[in-house]
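# give me coordinates for this.
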Amino acid sequence: MIVPLANSLWLAGCLPESAAFRRASRRVAIEQEAILHRLLAANADTEFGKAHGFASIRSISEYQERVPMRDYDDCGDWIDRIAEGAPGVLTRERVRLFEPTSGSAGASKWIPYTGSLQREFQSAIRAWIGDLYRHRPALLSGQAYWSISPVTAQARTTPGGIPIGFEDDTSYVGGWQRRLTQAVMAVPGHVRFLSDMEAFRYATLLSLVRCRGLRLVSVWNPTFFSLLVGRLEEWGDRLMSDLAPDSRRARELRTALRAAAAPERHALLWPKLRLISCWTDANAAGPAARLAALFPSAHMQGKGLISTEAFVSFPLTGREGAALAVRSHFLEFVTEAGDVRLAHQLDRGEKYSVVVTTGGGLYRYRLHDLIEVVGRFHDCPMVRFLGRQGYVSDWFGEKLNEAHVSGVMREAFGDLRIAPAFAMLACDTDPPSPGYVLYIETAEPDAALDRAAAAIEAGLRDNFHYRYARDLGQLAPLRVFRATGAADAHAAEGLRRGLRAGDIKPLALDRHDGWSRTLEGRFLVPVRETA
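Sure thing, here's the model as predicted:
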C-alpha cells in the first residue's frame, strides 16, 4: 500500500501545476512576459542588474536591446566571482550549489543553482508528472526506476564554500515530493555511492530484477538501459544466487533466462512495465527504437529538451513532440536567418536555436540546442530536438556542425534502412591521411556500410568548409570503423573524462580524436575502391 499511496500523493502535489500549465498554454505571450518582469524585478539590485539597467526595463524589446545574448564564456567572470563567494552578482538569491556540466565535451561548466531555478525545474517536472499519471493511472500502482547517476568524485566546494553537484538526481524534484519519489524507487539511492562501474551496474540490475511490479523506467540515455538489461544472461547465475532468499523471484528469473528472445525474457521479469521515458530525438532515435523493441509492451515517451542550464520542454501524453515549459523560464528563439522570436511567435515546421533567461542568473543565454516546431497544444508550441547547433568539430577548417551531421546520418540510415546500435562521426587525425570516421555497430554487411559512408560523405560535402578541406586534400574520404561494444566503451570513456552519466549524450558528432584506439573493432576497406 505504501507505493500506490506515495504515487497518489505525488500526483496530488503535481496537479495544481499541471492545471496552471494548461491555463498558461492558452496565453503564452502573457505568461512569458510575466516571467521576464518577475526575474528583472527580483534581480534589479544585483551587479548584473545594475550594469544593464534592469530597474528601468519596461518591455521585452528593451530587455533585448540592453542585454546581449551570451555563451558560457561570456558569463565566466561573473560565475567565477560567485564561486569565490561574492554575493548579489547575478541573482539576489544566494547560489545554493553549482552543478557541473560539459555538454558532453570540453571543459567543465559550473551552472549556478538558486532556489528560483530549482522551482523552475520543478514546475516543468510537476506539469509532466501530472499529465503522465492522469492519463496513465496504472503507473500509480507500482514502483519506478528513476535514473541514478553514480558518484564519480568526492564532495567538493568552490573557493567560496559553495557545494558542487546535487546530492542525487531526485534533488531536481525537490521538497517533500522528493521524499515521495525516493519512497517508490525500485533502485535505492545508496547504489550511487558504488565507485566501481561494474559494481554499480550489477547492483542496479539486481534491484530491478527484485522488483516484479516495476511500472515505469526513467533514464536519460536509452543505450544505458539496453546495455544494463543486456547483462542478464551473463550475470544470471550470480543474480539467482543473490535472489535465493526470495525463492519465488529466483524461480521467475530462472524461467526468464530460458526465454528464446530478450523481449520475452523482459516480459516475464517485468510483466507490468508500461512506460519508458528516455531521450528519443536526434541521434538518440535509433537507440530508443531498439530499446522499444526489447520492451514491446511498454510505451516509449521522449524526455523533451532538458539541459543542466534549463528545462525547455516536456512531453504530453498522446501528442507529438514536447511542450515548451512556458511557466519555467523566459524563452527566446533564433531563426536560421538570425531573427529573434518569442514562444508565441514560432511557426510550425520552422527550426530555431534556443535562448533562455532563468532564475539561476543566466540572461539571454544561448543553449545552442536546435529545435523544430511540430505542432501546438493550444497556443503552446510542441517542439522536437534536432541536435547541438553550436557543437562544431574543426580540425582542418572543416567546421562540421553536430546538428547538420545528425540530419545527414539520419537521412542516410533511413534511406538504406540501417538501424545501428551505435553510430558516431569523429575525426581521426593520425597521419598520413587524417579524415573523418563513421564508427558504427551493426549486423549489416560491409557493402551496406560502404553505401552509407558514400551517402554521408555526399551530405557532408554540402558544408562548404568540409568540401573545401576535402578538395584541398587536408581531409581523406570518410572511412568506416565497424565497432563492437561501442556504446558501453563510449560511456566508459565519458565517465573517465569526468562527465556525469546523465551528460553522456548519444551525439552524431564527437570532437575528440583517437576513437579508433578506444573502441574495439576494425576499419573496413571501402568496397567502392576494390570493385
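# any low-confidence regions in this protein?
1, 102-108, 151-154, 166-183, 498-503, 526-531 (pLDDT under 70).
# how is it divided into domains?
18-113+329-388, 117-302, 392-530 (automatic domain parsing).
# ok now the helix or strand harbouring Val373, how far from the chain's centre?
According to DSSP states H and E, Val373 maps onto strand 365-377. The chain centre lies 14 Å from the centre of strand 365-377; the measure is Cα atoms, centre = their mean, to the nearest Å.
# tell me which helix or strand comes right after it.
Assigned by DSSP H and E, the successor of strand 365-377 is strand 380-388.
# so what touches the helix or strand following that following strand?
Following strand 380-388 in sequence order, the next helix or strand is strand 392-393 (DSSP H and E). With contacts defined as Cβ atoms under 8 Å, 6 or more residues apart in numbering, strand 392-393 is touched by Lys399, Leu400, Asn401, Glu402, Leu425, Ala426, Cys427, Leu509, Asp510, Arg511. Quick note: C-beta positions are derived from backbone N, CA and C, even for glycine.
# top of those residues by neighbour count?
In terms of neighbours by other Cβ atoms under 10 Å, the contacts of strand 392-393 top out with Glu402 at 28 neighbours.
# so it versus Glu520, what's the distance?
24 Å (Cβ to Cβ, to the nearest Å).
# and if you look at Leu400?
From Leu400 over to Glu520 the distance is 25 Å, taken as Cβ to Cβ.
# excluding chain neighbours, what is closest to Pro159?
Glu84 (5.2 Å; Cβ to Cβ, 6 or more residues apart in numbering).
# I should have written Thr442 there, sorry.
Thr442 sits nearest to Pro420 (Cβ to Cβ, 6+ apart), 4.2 Å away.
# so who does the closest residue in space to Ala144 that isn't next to it in sequence touch?
Nearest residue to Ala144, sequence neighbours excluded (Cβ to Cβ, 6+ apart): Leu216, at 4.0 Å. Listed by Cβ under 8 Å, 6+ apart, the contact set of Leu216 reads Leu139, Gly142, Ala144, Tyr145, Leu273, Arg274, Leu275, Ile276, Ser277.
# what is the most widely separated pair among these?
Spatial extent of those (Cβ to Cβ) is set by the pair Gly142 and Ser277 at 14.6 Å.
# tell me the contacts of the residue lying closest to Ala284 once chain neighbours are set aside?
Nearest non-adjacent residue to Ala284, counting by Cβ to Cβ, 6+ apart: Pro506, 4.9 Å away. With contacts defined as Cβ under 8 Å, 6+ apart, Pro506 is in contact with Asn221, Pro222, Thr223, Trp279, Asn283, Ala284, Pro287, Phe422, Met424, Ala487.
# the fifth one: neighbour count?
Counted with other Cβ under 10 Å, residues neighbouring Asn283 total 24.
# that one against Phe422, yeah?
No: with contact defined as Cβ atoms under 8 Å, Asn283 does not reach Phe422; the gap is 9.9 Å.
# may I see the buried residues of the longest helix along the chain?
Ordering each helix of the chain by length in residues (DSSP state H) puts helix 2-24 first. Counting neighbours by 16 or more other Cβ atoms under 10 Å, one finds that the buried residues in helix 2-24 are 3, 6-7, 10-11, 13-15, 17-18, 20-22, 24.
# likewise for stretch 193-205?
Leu194, Met197, Phe200, Arg201, Tyr202, Ala203, Thr204, Leu205.
# find the nearest non-adjacent residue to the third one, please.
If I follow you right, that is Phe200. Leu194 is the one closest to Phe200 (Cβ to Cβ, 6+ apart), at 4.3 Å.
# good, we can wrap up now.
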